[in-house]
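Build me a model from this:
(3 chains)
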Amino acid sequence: MSGQTHRLASGGEIDRARPLGFSFDGRAYQGYAGDTLASALIANGVRLVGRSFKYHRPRGIYSIGPEEPNALVRLRQGGRAEPNTRATVAELYDGLAAESQHRWPSLGLDIGWVNDLLGPFIPSGFYYKTFMGPGRGAWMVYEKYIRKAAGLGTAAREPDPDRYEKRALWCDVLVVGGGPAGIAAALATAETGARVVLADERASFGGALRRERMTIGGLAGRDWAGNSIDALAARGNVTLLPRTTVFGYYDGNGLGAVERVQDHVPTPGEYLPRQRLWNIRARRVVLATGAIEQPLVFAGNDKPGVMLASAARGYVNQYAARPGTRAVIATGNDDAYRTAIDLALAGVEVVAVVDHRPAADGALPRAARARGIDVVTGHAVVGTIGMMDVAAVEIARIDPQGALADGAARQLACDLVCASGGWQPAVHLHSHTGAKPVFDDTINAFVPGPSRQAELSVGAARGAFALADCLADGLRAGAEAAKATGHGSGAVPPTPACEDGGVQAPARALWPVPRPPGVRGKAFVDIQDDVTDKDVALAHREGYVSVEHLKRYTTLGMGTDQGKISNLAGHAIMAGLRGQSMQQVGTTTFRPPYTPVAFAAFAGRELGRHYQPIRRTPTHAWHEANGATFIEAGLWVRPQVYMRGGEQMGDAIAREVRAVRGNLGICDVSTLGKIDVQGPDAAKFLDRVYCNTFSTLPAGRARYGLMLREDGIVMDDGTTSRLSEHRFFMTTTTANAGKVMTHLEYYLSVVWPELKVQVASVTEQWAGIAVAGPKSRELLQRAMTGVDLSNEALPFMGVRDGLLAGIPARVFRISFSGELAYEVNVPSDFGVAAWEALMAAGNPLDAVPYGLEAMGVMRIEKGHVVGSELDGRTTPGDLNMDRLVSKKKDFIGRQLMGRPGLVDPKRKRLVGLVPVDGRTRIRAGAQIVADPRAPAPVEMLGHVTSACPSASLNHPIALALVSGGLERKGQTLHAAFPLRNESVAVKVVDPVFVDPEGKRLHG
Amino acid sequence: MTRYSAFSLLRQTLRGHRGWDRAWRDPEPKRHYDVIIIGGGGHGLASAYYLAKLHGVRNVAVVEKGYLGSGNTGRNTTIVRSNYLIEPNAHFYEHSLKLWEGLSEDLNYNVMFSQRGVLNLAHSDGQMDAAARRGNAMRLNGIDAELLDREQVRVMVPHLDFSEHARFPIFGGLYQPRGGTARHDAVAWGFARGASALGVDIIQNCEVKGIKRQGNRVLGVETSRGFIGAGKIGMAVAGNSSHVAAMAGLKLPIESHVLQAFVTEGLKPWIDTVVTYGVGHFYISQSDKGGLVLGGDIDGYNSYAQKGNLALIEHCMAAGMQILPSLSRTRILRHWGGVMDMSMDGSPIIAKTPIDNFYINGGWCYGGFKATPGSGWVFAHTIAHDKPHPINAEFTLERFAEGRAIDEKGGGPTPNVH
Amino acid sequence: MLIRCPWCGERDHAEYFYGGDATVKRPAENAGVQAWNDYVYLRDNPKGPHRELWQHQAGCREWLVVTRDTLTHDILGVEPVKGAAR
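So this is what the prediction gives:
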């Protein structure tokens, strides 16, 4: 352990009584509670923390916030590994282990650095100009290496053991950002009784007040912040969300925020999520998001030891960590003089403030001079000396127009360069709403434009940087926002007295800093992605002059900070090259999230088995207890087959089929969609909804119905029964239950509101049990009372009510299997009781339960169509159901079903297929061709929709949609399955394989 | 035009890269062109390029309201594939894929077409049957396809969820080895550079405000830079097709919908193939820069806003974690929206219109990027010959009224289900 | 987006099912194939205010006519479909 050589003896917000051990690249260090990983590394004198994306240049900590381009590390291990974590926002915890990334073999000795020497050969976009040969596949070879060289950190491939959760939150006023302006806004709002939420990305509120030496009401800024937060926390109408980044501003004043609940500890505490997604709806939003300091673009502006001026003083003030021993301040504004003063107070030797303005006579420069700090105006830092680290800066004279006054450069020895290119308000959330930021020439940065939603930017976020302005802004916005939500009078509380160093003189932009001859080194515009001023010039030369092209061609602003500290400089340099104003050049679009957000935060608890609901039928428990295997169909879990000891699945399916065809089977059909249709116009309505007629259906009878879309294509089918004059019971396919319900509601509400009909989904209210096979009547007669089940009283397609083991039950004489069969519906809660009663009564008759597979075989044997035939492209004619379509009435789909494309004789129509050899399996998914040996492209005549081995016929059968349909009856075609190099000669037959006359149904 | 090569790069290096030309010229618009293409995205630029290159029509302008590629060309998830079931789609997208395979060489611009394969996962026997049906059709159409079982998928992408926790277990998948990804912007820039070198005028920041029509002919476009006359006009403005077609008096079978897309922070190689997943509607691949590029369903309401909402984002991320649980801590860096031309059958329109010399290319739904070269190729043919090529002969406007919808999903005339 | 259901109050759009353009009118039975084709397939698809149907599917299941700007997603008005001019 090398010791905290760069820790100040006193001051800061760290707790020296609570040392924390941590490691970086395997080396052990110590920091204190209150540190970030970055501040702890600085305190330990660690300078080299990362390598740049393209040139693998050595890099140090550059900032103090989420905009950090260099200090990206991999935190934690295994499924908890997090690449690309910014050390500047990672709170230190005991045992934290961080690794540098994107270097090999080590951070100190990184082979990739050779790219830096190759730099001249590989300017922006070089890859668009080469790697194109030899031969067409060349790129794939180069790309393999390029991909390995690219990327930043290494992501986990194991599941994450931590939990995430979501919450929704409603409030009158959301204040984003807990700096002086945000706290002031929250105070003013809370006062009125409005429900206010204050969110800040940091662990403690205060924002700049924690990093600056400022006073409010006679208190140190951080103490005022602490007191204010305590006061807010004591109120019932305030919700404080520390460690919470409001990352996106969506429609309807909806904002997304992510709270890092347990990222500051090694592993989340019991029952605590790692992170929490907040879905916030606010009537008014106050954006107090602050501003982001911008770099200066000069040669060698990226080396370890160069950092943002505000970051340097922030580390000293908040963390008592000294980022260097001899500092040069490079600036064109007054604000950076704070850094000179604060560093000097912390015992850092301040070599000079190099200010490219002709003069600096504001309060802060005067204060700096008063401390004996050398202020060199009319000069700029134009280069740095040093390979792995800064050893000195080169400075040169700048004339009042911003050009080089002469070519001469002189050196100043230093190990810390604090650069300030001014401040860019954080207009991100404002921009997410669709609002357009506008360029403000007085602060040389973009400020919020007219609001698009109920939001207002305050303080530094709108370019008002003085502390008094921030406080006044916040108080005013808070009071106004509260009033707009019906709270308070709008009276603005008085701004407390404050001191922030005095009025600042105008800043001056210098993009890029001019380069005297002889000064070497790349001048970076985007430090992470290694985009230089020359790259911007190249993009301009080649015509990529729009800021979007600049971004996309050079990758400017595409790194992890999304341009927070690179866009302004890049766009300004392009504006200069184009000879246009910043407003004309504009800026690229700010997109959410403000800072990157983990997948899991968005997903919350909807993971694994909880991704989507699992629907189980009312009798599920019985199936589970009685040996069923299950199959998932959409969200439903359905019994697949009930295998007996030692049985193969195929055999079990065949046994179940034979049991039904020869004797008796019982099946769970609860998943069918069920809709109760009631009202005096119910029959009229169903006549319009189905292509066949229901108004002629007598009460107590059921009918198969076919439903079309307006375009004449089949939408769904099912059996619908008339229970009484004005009441029908509709069934739909399992898959389309919800869709049909919406369809009916649409027509009733929107198209035919005059119809007196109500519909209600009752899918989950009824358990459905099919009883099928020659002995099905006998079984029901044993199990049911109060209903005459004789063929005369309950003929095929009849419906009656009765009691099943005392349970009220409705019995439909309908059949999917093609056998004498019934479907019994009982209220869901009685599902198991009814099922058990049927099984008990069925035992002496050798009844067997059968599953979805056997049902599927029997429906194919009967030529019944399901989803694979009703695929959204078939007409009634395609399914040989023309005869069903009424010619006497209008219905949905009638108007367009006769269009030429839908009556084309070449359309694919339903047929049956059997293998010519009587035994080879036909696979679903096979395509029907005339000649299996023809070279591609082959004309496809149709395709196999459903296939199975027929247990009743003892040979494979299939249903297919084939051009020309049954006109091909008797022809030999081929079911080609080139994916398996298979082809089966098949004969076209009638699609009803078993009992084509339907005699069994009527017995 | 300087030819791009390792050699020219080296030569320019010695000159400090000062000798590179503009990639495409920046001319003032002429008063009249033989053909005006409205829309400077990939499709419009490709159309102009092939008009000049293959049909000798060089007095062509591409007019673009913003910067080149500012619509869906620069907003998509860059997947290229031809794994289609239905006939005209299969042939069209395969033609396009073949063009992709030679595009960098043809344009002398590296569009980074990377044939890393496209894998569609299947989660039930029924979905395996559907995958087989599609794969068999592809093979019979001469397109590469492989049906993978669960173990073969596991070998290809081991970090997919093969555990018992998976809500939708992986049964297998359909794989197209020749599918992959490309660098979207480069496609626009490469076509622009190629077209410009052949004499095509590329005019950015030139918004079409009106289309001048006389009888059943169009005469030219009113733009933010004045009137420009034209012998023929082709529109390739997917996302805004209804808006532009309305200037010529046409109403289209199209709705505009927002589709969101996402990119994560840069990572070392994490996933090699393109993986898509029907149950949750999710697709993911990794860019050469290292970001995972992913997307899901459209938000589902008409929109021209190029931004979507949080509900869809949450849904999409959950869908991603359902198949790739280790995405958990990977962070979304940026998300955005593009405006899709959602047609009434999910397939594009590349055709003549009822107006004699006005042509439409639109209705791309999600599928426009992979179609770029093929779309330009057939659109150029259609404009040059005033009749479609056999490959796009069925992508007409009239097909809807004729009952000949090309409905890959079977969703029917409801744009937001395609 | 927040849609104010006249019966349930303001709710996120995720509770609603989108039903598309509310201005298309189902033609009369004898209107002819062209009118029917236009109804089924053609849409104005405006950039700007759009009258459209939403069903409060996770709430009262009523259908609403919502006027919404497709460029900005601003909700400009909500009416019950029954009685709304379409």
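
Is stretch B:241-251 in proximity to chain C?
Yes - part of stretch B:241-251 sits near chain C under the criterion CB under 8 Å from any CB of the partner chain, namely B:242-243, B:246, B:251. Heads up, the C-betas are built off the backbone N, CA and C, glycines and all.

A PyMOL selection for those residues, restricted to the buried ones, would help me check which they are.
PyMOL command restricting the residues of stretch B:241-251 next to chain C to the buried ones, with burial defined by 16 or more other CB atoms under 10 Å in any protein chain shown:
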select buried, chain B and resi 242+243+246
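
Tell me the residues of the stretch 151-300 of chain B that contact chain A?
Taking CB under 8 Å from any CB as the criterion, the stretch 151-300 of chain B approaches chain A at residues B:158-159, B:161, B:163, B:165-169, B:183, B:185-186, B:189-190, B:204, B:264-270, B:280, B:286, B:288-290.

Could you list which of the residues of stretch B:241-251 next to chain C belong to helices?
Within the residues of stretch B:241-251 next to chain C, residues falling in helices by DSSP state H are B:242-243, B:246.

Report the beta-bridge partner residues of the closest residue in space to A:Asp374 that isn't next to it in sequence.
The shortest distance from A:Asp374 to any non-neighbouring residue, by CB to CB, 6 or more residues apart in numbering or on different chains, is to A:Ala352 (4.3 Å). Per DSSP bridges, the residues bridged to A:Ala352 are A:Val328.

What's the nearest residue in the stretch 151-300 of chain B when you look at chain C?
B:Ser242 (3.7 Å; CB to the nearest CB).

what about the nearest residue to that residue once chain neighbours are set aside, distance to A:Gln262?
Excluding its sequence neighbours, the residue lying closest to B:Ser242 (CB to CB, 6+ apart) is C:Asn45, at 3.7 Å. According to CB to CB, to the nearest Å, C:Asn45 stands 47 Å off from A:Gln262.

ok now stretch A:14-32, how far from the chain's centre?
Relative to its chain's centre, stretch A:14-32 lies at 35 Å (CA atoms, centre = their mean, to the nearest Å).

buried ones in that stretch?
For stretch A:14-32, by 16+ other CB under 10 Å, it's A:14, A:20, A:22, A:24-25, A:29-32.

Grab the two from the residues you listed that are most spread out in space.
Among those, the pair separated by the greatest distance (CB to CB) is A:Ile14 and A:Asp25, at 22.7 Å.

Residues of chain B that sit close to chain C?
Within chain B, the residues that sit near chain C (CB under 8 Å from any CB) are B:240, B:242-243, B:246, B:251-256, B:300-305, B:307, B:309, B:311, B:344, B:400-401, B:413-416.

Repeat that for chain A.
A:251-254, A:281, A:434, A:452, A:710-711, A:742, A:745-746, A:749-751, A:753, A:890, A:895-896, A:898-899.

Quick check on the residues you listed: which are buried?
A:251-254, A:281, A:434, A:452, A:710-711, A:742, A:745-746, A:749-750, A:895-896, A:899.

Of those, which belong to helices?
Filtering those for helices - DSSP H - leaves A:742, A:745-746.

Would you format these as a markdown table with pLDDT and distance to A:Arg701 included?
Output for these, formatted as a markdown table (pLDDT from 0 to 100; distance: CB to CB, whole Å):
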| residue | pLDDT | distance to A:Arg701 |
| --- | --- | --- |
| A:Thr742 | 98 | 27 |
| A:Glu745 | 98 | 26 |
| A:Tyr746 | 97 | 28 |
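
Please enumerate the strands of the stretch 601-750 of chain A.
Along the stretch 601-750 of chain A, counting by DSSP state E, counting those that start in this stretch, strands occupy A:615-616, A:628-633, A:636-642, A:665-668, A:673-678, A:701-708, A:714-724, A:727-732.

again, but for the stretch 101-250 of chain B
Under DSSP E, counting those that start in this stretch, the stretch 101-250 of chain B gives strands at B:118-122, B:146-149, B:172-176, B:180-181, B:201-203, B:208-214, B:217-223, B:226-235.

still on that earlier bit, inside strands: which ones of the residues of chain B next to chain C?
B:254-256, B:300-302 (DSSP state E).

What is the nearest of those residues to chain A?
Among these, and counting by CB to the nearest CB, the member closest to chain A is B:Tyr301, at 10.4 Å.

That closest one: how many residues sit nearby?
Number of residues near B:Tyr301 (other CB atoms under 10 Å in any protein chain shown) recorded here: 25.

Contacts only, for it.
B:Tyr301 is in contact with B:257-258, B:416, C:13, C:18, C:52, C:68, counting by CB atoms under 8 Å, 6 or more residues apart in numbering or on different chains.

Looking at neighbours, which among these is most surrounded?
Tallying neighbours with other CB under 10 Å puts B:His257 at the head of the contacts of B:Tyr301, with 29 neighbours.

wait, what's in contact with that residue?
B:298-303, B:339-340, B:342, B:415-416.

what ranges do the helices span in the stretch 351-500 of chain A?
A:363-370, A:428-432, A:467-484 (DSSP state H, counting those that start in this stretch).

Find me the pLDDT at the residue most central in space within chain B, would you?
The centroid of chain B falls nearest to B:Phe369 when counting by CA atoms, centre = their mean (1.5 Å). B:Phe369 is assigned 98 on the pLDDT scale.

Name the helix or strand for it, please.
Using DSSP states H and E, B:Phe369 sits in helix B:368-385.

and if you look at A:Ala975?
Following DSSP H and E, one finds A:Ala975 within strand A:972-977.

just checking, A:Asp716 touches A:Thr742?
No - if you go by CB atoms under 8 Å, A:Asp716 and A:Thr742 don't touch, sitting 11.7 Å apart.

just checking: which of the residues of chain A next to chain C also lie near chain B?
When contact is defined as CB under 8 Å from any CB, the residues of chain A next to chain C meet chain B at A:251, A:254, A:434, A:710-711, A:896, A:899.

So which of those residues sit within strands?
Judged by DSSP E, strands contain the following of these: A:Gly254.

And the residue of chain C closest to chain A?
C:Leu2 (3.6 Å).

ok now do that residue, which residues does it touch?
Counting by CB under 8 Å, 6+ apart, C:Leu2 makes contact with A:251-254, A:281, C:10-13, C:75.

Show me which of those is closest to A:Lys906.
C:His13 (43.7 Å).

show me the contacts for the residue nearest to that closest one when sequence neighbours are not counted.
Spatial nearest neighbour of C:His13, excluding adjacent residues (CB to CB, 6+ apart): C:Met1 at 4.1 Å. Contact partners of C:Met1, counting by CB under 8 Å, 6+ apart, are A:251-252, A:254, B:309, C:12-13, C:68, C:73, C:75.

Could you export these to CSV, including columns for pLDDT and distance to A:Asp526?
Below are these laid out as CSV (pLDDT from 0 to 100; distance: CB to CB, whole Å):
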residue, pLDDT, distance to A:Asp526
A:Asp251, 97, 31
A:Gly252, 95, 34
A:Gly254, 97, 32
B:Asn309, 95, 30
C:Asp12, 95, 37
C:His13, 96, 37
C:Arg68, 98, 38
C:His73, 97, 32
C:Ile75, 97, 39
